[in-house]
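J.: Pasting a predicted model and its sequence here:
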Amino acid sequence: MELSEKMAGGALGKACKVWAKRPWYTVTVIVLSLAILVLGSLIARRHLFPNYWTVEDLGTTGSHSQEAPGPPPEGMVWIPGGVFWMGSEDFPDAQPIHKVYVDGFWMDKTEVTNEQFAKFVKATGYVTVAEKAPDYETIVKQQPPGMPPPRKEDLVPGSLVFTAPPGKVPLNDASNWFKWTAGACWQHPEGPGTDIKGRLKHPVVHVAYDDALAYAKWAGKRLPTEAEWEFAARGGLDRKKFTWGNEYKPGGKIMANTWQGEFPHKNTLEDGFAGTAPVGSFPANGFGLYDMSGNVWEWCADRYQPRYRDIFAPRNPQGPAESFDPAHPGTASRVRRGGSYLCWDNLCKRYMVGGRFGGDPDSSASHVGFRCVKDAR
């Protein structure tokens with residue numbers, strides 16, 4: 001034991017003398033050790049946590065030069081992917097603004113139309129949520145705050161329909177303009193006695209989250225993540241208020257189907273539409289997408305929370321693992337984006353590109369639709 005200890009001590013002493021005589025040797029060993037540790041941690045992070053990149057990893061903002069992997073699927077355009085600043089200072093729930101990367105993907109040029117949805121229903125026999133009689137708990141959960149609960153004998157298939165009041169009403173109670181309407185559904189947008197004749201090119205409405213999922217699966221597509229949706233909506237522009245720039249009416253031109261006048265009782269119809277407009281009625285954005293602002297709200301795949309939480313997973317973020325929506329406690333709200341024909345400055349400015357909203361996945365309404373995306377491979 002004593003001999004081994006003496007040998008060990010002698011070896012250490014010699015090493016110390018060598019390091020003392022050659023300080024560069026010590027520095028080299030330390031630098032190489034640190035480099036190995038850093039490289040090992042980077043490799044481990046990339047392997048174990050492929051979505052967790054730092055802002056520095058992502059690089060500069062802008063679309064990638066990634067080319068489309070082939071000819072576009074019918075009715076879709078290629079979104080090249082890239083890095084962008086996600087979020088908006090205009091809305092508390094769209095903060096903090098943070099850097100995000102998304103891979104390239106295909107996206108529907110327009111919102112899914114009545115004509116397209118009708119083909120899906122004809123092929124599958126699908127029945128939407130609005131066409132099924134809900135139970136009491138479901139219908140109460142999807143009503144706006146302040147709306148009185150229905151009588152149980154009134155629990156019949158239906159949906160929420162916008163109904164303009166005759167004059168000014170308090171804006172803190174959506175029941176002043178949204179009415180539960182028996183028989184309202186995608187085929188009867190305003191309820192019994194209405195239909196979609198002459199509106200086949202309008203976006204389908206009264207679709208719940210599960211309805212959108214079902215259509216996407218049938219079409220071989222999926223719903224976009226919120227990050228994909230916003231990247232696509234921005235069309236290559238950096239932190240602009242609208243999908244076309246910072247000015248609402250550039251050159252005096254209306255660029256989207258939103259409300260004009262004073263919501264909810266006075267619509268001046270400056271854009272030519274009292275309700276939904278045929279898809280593609282307004283100019284496309286920089287990626288060739290139509291109606292990413294206004295017309296109808298669009299479902300996204302992400303669960304909703306009133307603030308961005310996933311800012312440390314900026315590569316292809318999938319949204320939070322759980323939902324929390326202060327406006328609808330107890331519901332697993334999903335994200336809706338894009339605003340609708342009912343959005344205007346005196347209540348809802350969320351036709352701005354950073355605007356977002358939480359929606360009960362079991363709910364449907366006359367201003368909610370969707371569009372789909374498709375992976376590159």
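T.: Sure thing, it's come through.
J.: Low-confidence stretches in the stretch 201-350 of the chain?
T.: 310-313 (pLDDT under 70).
J.: Can you show me the helices along it?
T.: Secondary structure of the stretch 201-350 of the chain (DSSP state H, counting those that start in this stretch): helices located at 209-218, 226-234.
J.: Show me the chain divided up by domain.
T.: Here the domain assignment for the chain is 2-48, 58-377, based on automatic domain parsing.
J.: Quickly compare those domains and say which is most buried.
T.: domain 58-377 (a mean of 19; mean count of other CB atoms under 10 Å). For glycine as for every other residue, the C-beta is placed from the backbone atoms N, C-alpha and C.
J.: Show me how far that one is from its chain's centre.
T.: In terms of CA atoms, centre = their mean, to the nearest Å, the centre of domain 58-377 is set 8 Å apart from its chain centre.
J.: Give the helix, strand or coil label for V31.
T.: Following DSSP: H, G, I helix; E, B strand; the rest coil, the label given to V31 is helix.
J.: Tell me, what's the model's pLDDT at it?
T.: On the pLDDT scale, V31 is placed at 71.
J.: In CSV, list the helices of the stretch 201-350 of the chain along with distance to H367.
T.: Formatted as CSV, the helices of the stretch 201-350 of the chain follow (distance: least, CB to CB, whole Å):
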stretch, distance to H367
helix 209-218, 14
helix 226-234, 17
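J.: V368: which of those is closest?
T.: Ranking the helices of the stretch 201-350 of the chain by proximity to V368 (CB to CB) places helix 209-218 first, at 9.1 Å.
J.: Only alpha carbons, please: show the closest one as CSV.
T.: Taking C-alpha atoms only, helix 209-218 is exported to CSV below (Å, rounded to 0.1, in the frame of the first residue of the first chain):
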residue,chain,number,x,y,z
TYR,A,209,-62.7,21.0,-34.5
ASP,A,210,-63.5,17.3,-34.9
ASP,A,211,-65.3,18.0,-38.1
ALA,A,212,-62.2,19.7,-39.5
LEU,A,213,-60.0,16.8,-38.4
ALA,A,214,-62.3,14.3,-40.1
TYR,A,215,-62.2,16.2,-43.4
ALA,A,216,-58.4,16.6,-43.2
LYS,A,217,-57.9,12.9,-42.6
TRP,A,218,-60.2,12.0,-45.5
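J.: hmm, who's touching that helix?
T.: The contact list for helix 209-218 (CB atoms under 8 Å, 6 or more residues apart in numbering) reads 112, 117, 120, 123-124, 126, 128-129, 207, 222-223, 299, 334, 359, 361-362, 364, 370, 372.
J.: Just give me the longest strand of this structure.
T.: Ranked by residue count under DSSP state E, the longest strand found in the chain is strand 297-303.
J.: Partner strands of that one, with direction?
T.: Strand 297-303 sits in its sheet next to strand 334-337 (antiparallel), strand 368-369 (parallel), going by DSSP bridges.
J.: give the contact list for the residue nearest to the spatial centre of the chain.
T.: Residue closest to the mean C-alpha point of the chain, counted by CA atoms, centre = their mean, is E226 at 2.7 Å. Contact analysis of E226 by CB under 8 Å, 6+ apart lists 300-302, 317, 319, 335, 337, 356.
J.: contacting residues around stretch 301-311?
T.: Residues from elsewhere that reach stretch 301-311, judged by CB under 8 Å, 6+ apart: 86-87, 92-96, 98, 222-226, 317-326, 332-335, 356-359.
J.: repeat that for 6 Å
T.: Applying CB atoms under 6 Å, 6 or more residues apart in numbering, the external contacts of stretch 301-311 come out as 93, 98, 223, 225-226, 317, 319-320, 323-326, 333-335, 358.
J.: what about dumping the CA coordinates of that stretch to PDB?
T.: The C-alpha trace of stretch 301-311 is given here as PDB (Å, rounded to 0.1, in the frame of the first residue of the first chain):
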ATOM      1  CA  ALA A 301     -54.000  21.900 -34.300                       C
ATOM      2  CA  ASP A 302     -52.600  23.600 -31.200                       C
ATOM      3  CA  ARG A 303     -54.200  23.700 -27.800                       C
ATOM      4  CA  TYR A 304     -54.900  27.300 -26.600                       C
ATOM      5  CA  GLN A 305     -53.200  29.100 -23.800                       C
ATOM      6  CA  PRO A 306     -53.500  32.900 -23.300                       C
ATOM      7  CA  ARG A 307     -49.800  33.400 -23.700                       C
ATOM      8  CA  TYR A 308     -47.100  31.700 -25.700                       C
ATOM      9  CA  ARG A 309     -45.400  29.100 -23.400                       C
ATOM     10  CA  ASP A 310     -43.400  27.100 -25.900                       C
ATOM     11  CA  ILE A 311     -40.800  29.800 -26.700                       C
END
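J.: So which residues of the protein form strands?
T.: Going by DSSP E, the chain shows strands at 62-63, 76-79, 82-86, 98-102, 105-108, 158-162, 178-182, 261-262, 266-267, 297-303, 334-337, 356-359, 368-369, 373-375.
J.: can you put those strands in a markdown table and add distance to W244?
T.: Shown next, in a markdown table, are these (distance: least, CB to CB, whole Å):
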| stretch | distance to W244 |
| --- | --- |
| strand 62-63 | 16 |
| strand 76-79 | 16 |
| strand 82-86 | 16 |
| strand 98-102 | 21 |
| strand 105-108 | 17 |
| strand 158-162 | 25 |
| strand 178-182 | 29 |
| strand 261-262 | 21 |
| strand 266-267 | 22 |
| strand 297-303 | 17 |
| strand 334-337 | 16 |
| strand 356-359 | 19 |
| strand 368-369 | 21 |
| strand 373-375 | 21 |
